[in-house]
Structures are given as C-alpha cells and as structure tokens.
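Undergrad: give me a model of this one.
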Amino acid sequence: MLVWVKGFARREFQLMLLRRMADFQPELVAQACAELEASHADYMRAHNRWQSMLRSARAPGGLRLYLATLGPPEREQEVRFGDATVTTCTWQLPGLWPRLRWQATVGVQDVVLHGWLVREDGAKVPRLPEPRRLAPWSCVVGDVLTQFPSATQRDPDVPSQWLVTHAGQQLWFVHGLLQKVGRDEKVDDGQ
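TA: Down below sits the predicted model:
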C-alpha cells in the first residue's frame, strides 16, 4: 500500500531542491520560484519539511519517503556495481526541468544511497561547449561525463553537491545540476 505525505508532492520536492541551489545561483532560483508561483518562504518551508521527514521516526524512510512524495517511479532498473546490485528509480518532475528526471539509487532494504537530477532516459545529450563556457543549469553530471570522458568526478563531502574536474576547470553541481564553473586550483598550483 502506497502512503502519501500530506501537503508535500512533486512541486514541493522541486522547491526543496532549490534551497541548496540558491547558495550558488540565487537569481536562477528566484526565477524558478516565480515560475512555480512560490516565495522564498515557500522553498525554505519545503526544504525544512524534507529535512524533518528525513530524520523523523514517524515519516516513511528510504525509498518509501520518495514513493510517498513523488508516487510510483516512472522507471526502475537494476544496475551492477562490482559485486553489488542497486536499483535506480526515476521520476519526472513537471515544472522546472521537463527534460530531466530525479533519480534515486537504492540499495539493500530500500536505503537511498544517492539522489540527483539526470537526463531523461533515451534523450540526446546536448552538445556542450568547453567546460569554462558552460552556463549554470545547462547540464547534469552525466552530460559532462558523456561528452568529456577524461573528466574526473568526486564527492566533495558536502550534502547535495558533486564536483567534476576537466581541462583545468572545476564544475560544481547541486543535486546533479551544474551551478558554477571555476578554475581548478590543483592544476593552477602545478599539483
């Protein structure tokens, strides 16, 4: 039986994603809020509610929380990583990013290991300019890794963020969506 979270669905989920993006792109977040007819207080409320649900003993946990807020996934696929098998679940988020999907990587006992925005399945990866010319919100991590196979990625140990380096540039992503590009200090220092 599918349990729903009252007052928190796909619109609120998108608002929640905007909170961490506002640290990098406040102007784009303001435009997105206007598109969703939401205020700053609305996206802060959505972020705080999501954080509360993640930590609540009463709210559904792991994959069940995503099912309760986003409904059944559009697609589920088993993926092998070495000796382990995980499941990726994807949901469409109508509104801000119509060609992207939210993807959760789910492990044993429905624990969500990772979640981020990805290109919709089967969609053509857009042709990207060189990394230093990439615009915020123009691509997701997978787009960059497809176009620039020598790029390296790492988890910067900051919740919701991801880092890709290529051609002397650092590409910072929040929830899988590009936020900013800057020079890679390690390359500049000759390391």
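Undergrad: okay, CA-based contacts and neighbour counts for the rest of this
TA: Noted.
Undergrad: domains in the chain, by residue range?
TA: 10-119, 131-188 (automatic domain parsing).
Undergrad: so which of the ones you listed is nearest V125?
TA: domain 131-188 (5.8 Å; Cα to Cα).
Undergrad: hang on, the earlier thing: tabulate the domains of the chain (JSON lines), appending mean neighbour count.
TA: Converted to JSON lines, those look like this (neighbours: other Cα atoms under 10 Å):
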{"stretch": "domain 10-119", "mean neighbour count": "17"}
{"stretch": "domain 131-188", "mean neighbour count": "17"}
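Undergrad: now the ones you listed in a markdown table, with mean pLDDT and distance to V125?
TA: Below are these laid out as a markdown table (pLDDT from 0 to 100; distance: least, Cα to Cα, whole Å):
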| stretch | mean pLDDT | distance to V125 |
| --- | --- | --- |
| domain 10-119 | 94 | 8 |
| domain 131-188 | 92 | 6 |
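Undergrad: just the helices from this structure, written as ranges.
TA: 10-21, 26-35, 40-55, 63-70, 141-147, 185-188 (DSSP state H).
Undergrad: got TSV for these, with distance to P94 too?
TA: What follows is those, written out as TSV (distance: least, Cα to Cα, whole Å):
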stretch	distance to P94
helix 10-21	8
helix 26-35	12
helix 40-55	16
helix 63-70	11
helix 141-147	20
helix 185-188	38
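Undergrad: what about those, which gets the closest to D110?
TA: helix 63-70 (5.3 Å).
Undergrad: the inter-axis angle of the closest one versus helix 40-55?
TA: 150 degrees (axes from the mean of the first three to the mean of the last three Cα atoms, to 10 degrees).
Undergrad: and helix 63-70, how far from the chain's centre?
TA: Its chain's C-alpha centre and that of helix 63-70 lie 16 Å apart, by Cα atoms, centre = their mean, to the nearest Å.
Undergrad: same for that helix, what does it pack against?
TA: Packed against helix 63-70 by the contact rule (3 or more Cα pairs under 8 Å, 6 or more residues apart in numbering; DSSP states H and E) you find helix 10-21.
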